[in-house]
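1. build me a model:
(chains A and B)
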Amino acid sequence: MTTTLELKTEHNPSWCLGCGNYGILNGLKAAISQAGLEPHLTVLVSGIGCSGKDPHFVKTYGFEGIHGRVLPVATAIRLANHRLKVIGCSGDGDAYGIGGNHFLHTLRRNVEITYLVHDNQIYGLTTGQTSPTSVKGFATKSTPFGVIEEPINPVSLAIAAGATFAARVFVGEFNHFKQVLVRALKHKGFALVDILQPCVTFNYLNTYQWFSRRVYKLEDEPGYESLDRIKAFTRAQEWGERIPIGVFFQETKPTYEDQLPQIKEKPLAEQDISCVNIKKPLAEFI
Amino acid sequence: MAQNEVAFKIAGEAGQGLNVSTLNLARTFTRKGFHAFLLTDNPNSIKLEPTWCSLRVSTRLVTSQTERIDVLVALKPDALLRHQSEVSEDGFIIYDGDTVNPEEEKQLVKINYLPVPLSKIAAEIKAPDLIRNTIALGAFLALIDYRPDGMKKIIVEVFARKGEAIVNQNISALETGFNFVQNNYGTFIRNHLPEENGPTRLFLTGNEALSLGAIKAGCKLLAAYPMTPSSPILHYLASKEREYNIVVKHTEDEIAAINMAVGANFAGTRAMTCTSGGGFALMVEALGMAAQSETPVVVVVGQRPGPSTGQPTHTGQGELQFLISASQGEFPRIIIAPGDAAETFRDTFNAFNLAEKFQVPVLILTDKYLAESYTDCSELKDDDLKIDRGKLLTETQLSAEKIYERYQITPDGISPRSIPSQKNGIHVATSYEHDESGWYQEDPVGVKKMYDKRFAKIPFILKEMKDPKLYGPDEAQITLLAWGSTKGPALEALGRLANEGITANLVHLTYLWPLPVETLSELLKNAQQTIMIEGNYIGQLAQIIHQATGLKIDHILTKYDGQPFYPAEICAKIREILSGVEKGVAQG
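-> The predicted structure follows:
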């Protein structure tokens, strides 16, 4: 088993003091270790934003791409070599704003990717503009008179779009976050983990205190089971005085990769391409 | 009508199966060793819009369509009126006497109008009206006195999956059309082609040749969003995905497509995407990502006329300058524009080698004319094609390295590459400017070093590029320049000019970028006069050559009406120049 210490790289993050990203990074390393993943068989794929820097701080393979395109890159890595564990790191803007279309389609594909969305309801790296999850009325640099539209509810969206694993966690509940993350990493399919993570510099509204007063764990709710899509959807809608965290929904379904006979024997990346014979298709052009 | 060559055109409306039946007709001849060129005209509609398909068959090599038609089959009245002026002297128009009634006053003299009761015959053999094209093909074969046996065999093969009844119906349609001409127009029947012309030839489109090149190169993942004229690549590779273990992904958009192609390459799998100008516009940001992260990727851009949606189903060469400068920042890229199907096959194979060897994006630039026209070749030679994965490290090589740095600075600018799953090759590939390890780089000295490292590849890339090729005599009255698919009409024009006593040669460019400045300057050094022929408005390559070499191309022939060049247009322009009438010069 790889220890969290072994997963540390020579670089140290420079996120703002108190940023939720520190907790996410620690939780991620702990979960990778606990899930028994091997660093050379693990790939972190990120986009742009404060979350995009994650791959530099975890000693696994990493691909730091462009804004909003985590999922197509991550999908292709899985298709190219399904022996790799692929973890996507996005922010709320990256995942639900610019990357919204990919999010929708990756959900219905059920490619095995653990998708960690660092959801701080604000654009941090670009110094504080509204995000797709900012609450209505929230004043930011790009919406000085308050956001007019309603926020996206990532968990309901995922459940509606066919997610086979949809969870919400709060980084302030570290152990719970870690447990859910381990579960997500072990899920055979696409797993959304929407991480509530206060931005201490730009989000004056959704603070640690704000969340601490509101979040409650689904596991503590008597009778809640994450097996019913409709009930999960209803529960995911709850956002206000009480905010549920935990695994809302999980089901087992064949992944996209499972349904490709092309990679049944060997991942694409391991297939021999040194001498491909094209005599047969050539004969079709006579 | 000339001996040893027949130009055929069938005109009607979309949905009448013109392309498929003409392809069947073409194979009747290519199987007997004839050369052929098939040009489609696809309207931007699935049904009803007027359209046509033309086929040229010859005993000698033909590299383009002609302006002249020997036999026109008109399935609709407007098709007859639209195309009758293209019919050569003593040529024929076969038309449906039941539904087409050519107005006498509009008929052209010196053309033979031959009504054939296509609809009536279809009804007699209890077949749907769609079968009229097969009847007409039978009539055509009778008219040129060519045995229908080969065509029958093809009908059996093509329609087998639709059942015996359909096969028999089509055979019957072909025979009835054939017999009708024999019985009614015996005096017009004249033999134009020998029965055979040599061993069987392959007959395929640029898109098909490209797909075969990709398969041969070990492309294991194609991610694409449908866009004319590149969609047939998506369709073809999808049809072969299980036979060749290729994952073909029809993505949600072109942005996803290129990001997937890059992701797969990062993970060690050869992958590509294919699109047209509009789709490529969406891919541009990720193209830069591939370049900055030094991840190999192959992108096919099949040109069609823009701007914007433009003319989706027609042809043009308007994207060269777009491709050269696409994406923010500067970085090395390779652009290849093959000239015909055989080149497309080999250049596509090579594109994958170059992408991995130099860890740069490789763009294959085709157009509708190349992508969808069929040409013949004796074979697609592939036994000399060798996979070269460049500096891709093995596990053993990696374990010998003390510290592995993905972006190590080397004399040729190419850093040894590891892929996920290799134990000692852990790294972060990144879209940010970075140091040798992949960590963020903002130090000006380091930034400059890394920029220089990427550009250090250029001279090494140039060494592996195929030189521009000279066709025709070394010395000529005029030197033609062309790139990509314009090769075919330009070669045809050379032949015609030679017959008129004009000596012309052609410099054809396939490997366009980085621009082969030295070889190009050498080739043009002694040219008496030069003319660039390209399918765009501003003369894009002429401009680029001028910028890079200071060489001003003397004349320019551009075309931007959605149609390919016809050899006659090129010949006319050259005659004009040589007679001193021509006034327009290059705008470079």
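
2. chain neighbours aside, what residue packs nearest to B:Ile461?
-> Spatial nearest neighbour of B:Ile461, excluding adjacent residues (CB to CB, 6 or more residues apart in numbering or on different chains): B:Phe358 at 5.6 Å. C-beta: built from backbone N, CA, C; applies to glycine.

3. and residue 32, what does it touch?
-> Unless you meant another one, I'm taking chain A. Each residue near A:Ile32 by CB atoms under 8 Å, 6 or more residues apart in numbering or on different chains is listed here: A:2, A:7, A:39, A:42, A:58, A:60, A:87, A:185.

4. oops, wrong one, chain B.
-> B:150, B:195-198, B:200 are the contacts of B:Lys32 under CB under 8 Å, 6+ apart.

5. out of these, which touch chain A?
-> B:Thr200 (CB under 8 Å from any CB of the partner chain).

6. one step back: how about the contacts of A:Ile32 in CSV, adding secondary structure, neighbour count and distance to chain B?
-> What follows is those, written out as CSV (DSSP: H, G, I helix; E, B strand; the rest coil; neighbours: other CB atoms under 10 Å in any protein chain shown; distance: CB to the nearest CB, whole Å):
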residue, secondary structure, neighbour count, distance to chain B
A:Thr2, coil, 18, 12
A:Leu7, coil, 20, 11
A:Pro39, helix, 18, 6
A:Thr42, strand, 24, 8
A:Val58, strand, 23, 9
A:Thr60, coil, 26, 7
A:Ile87, strand, 30, 12
A:Leu185, helix, 21, 17
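
7. how many neighbours does residue 259 have?
-> No chain was given, so I picked chain A. As a burial measure, A:Gln259 scores 11 neighbours (other CB atoms under 10 Å in any protein chain shown).

8. switch to chain B, please.
-> B:Asn259 has 33 nearby residues by other CB under 10 Å.

9. so it sits in a strand?
-> No: using DSSP: H, G, I helix; E, B strand; the rest coil, the assignment for B:Asn259 is helix, not a strand.

10. how about the residues of the stretch 151-286 of chain A by chain B?
-> A:260-263, A:268-269, A:271, A:273-276, A:278, A:280-282, A:285-286.

11. helices - which of those residues land there?
-> With DSSP state H as the criterion, helices contain A:280-282 from among these.

12. buried subset of those residues?
-> A:281-282 (16 or more other CB atoms under 10 Å in any protein chain shown).

13. I'd like the ones in helices among the residues of the stretch 151-286 of chain A next to chain B laid out as TSV, including pLDDT.
-> Formatted as TSV, these follow (pLDDT from 0 to 100):
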residue	pLDDT
A:Lys280	97
A:Pro281	97
A:Leu282	96
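
14. what helix or strand does the residue of the stretch 451-588 of chain B found nearest chain A sit in?
-> For the stretch 451-588 of chain B, the residue closest to chain A is B:Arg454, as judged by CB to the nearest CB, at 17.2 Å. Here B:Arg454 sits within helix B:444-455, counting by DSSP states H and E.

15. tell me which residues of that helix are tucked away?
-> For helix B:444-455, by 16+ other CB under 10 Å, it's B:446, B:450, B:453-454.

16. re earlier: any chance of a ChimeraX selection covering the buried ones in the residues of the stretch 151-286 of chain A next to chain B?
-> Buried residues within those, by 16+ other CB under 10 Å, are selected in ChimeraX with:
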select /A:260,262,263,268,269,271,273,276,278,281,282,285
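
17. so what's the residue nearest to the spatial centre of chain B up against?
-> The centre of chain B sits closest to B:Leu370, judged by CA atoms, centre = their mean, with a distance of 1.9 Å. For B:Leu370, the contact set (CB under 8 Å, 6+ apart) comprises B:206, B:338-341, B:344, B:484-485.

18. would you confirm that B:Ala264 contacts A:His82?
-> No: look at B:Ala264 against A:His82 with CB atoms under 8 Å: they stay out of range, at 11.8 Å.

19. in terms of packing, which of these two has more residues around it?
-> B:Ala264 (33 against 22).

20. can you give me the helices for the stretch 101-250 of chain A?
-> Using DSSP state H, counting those that start in this stretch, the helices of the stretch 101-250 of chain A run over residues A:154-160, A:174-186, A:208-214, A:229-236.

21. nearest approach to B:Val284 belongs to which of those?
-> Counting by CB to CB, B:Val284 lies closest to helix A:154-160 out of the helices of the stretch 101-250 of chain A; the figure is 28.5 Å.

22. chain center to that closest one, what's the gap?
-> 13 Å (CA atoms, centre = their mean, to the nearest Å).

23. now stretch A:238-258
-> 12 Å.

24. buried ones in that stretch?
-> Applying 16+ other CB under 10 Å to stretch A:238-258 flags A:243-251, A:255-257 as buried.

25. what residues are up against the closest residue to A:Thr3 other than its chain neighbours?
-> In this structure, A:Thr3 finds its nearest non-sequential neighbour in A:Ser33, 5.8 Å apart by CB to CB, 6+ apart. By CB under 8 Å, 6+ apart, the residues touching A:Ser33 are A:1-4, A:7.
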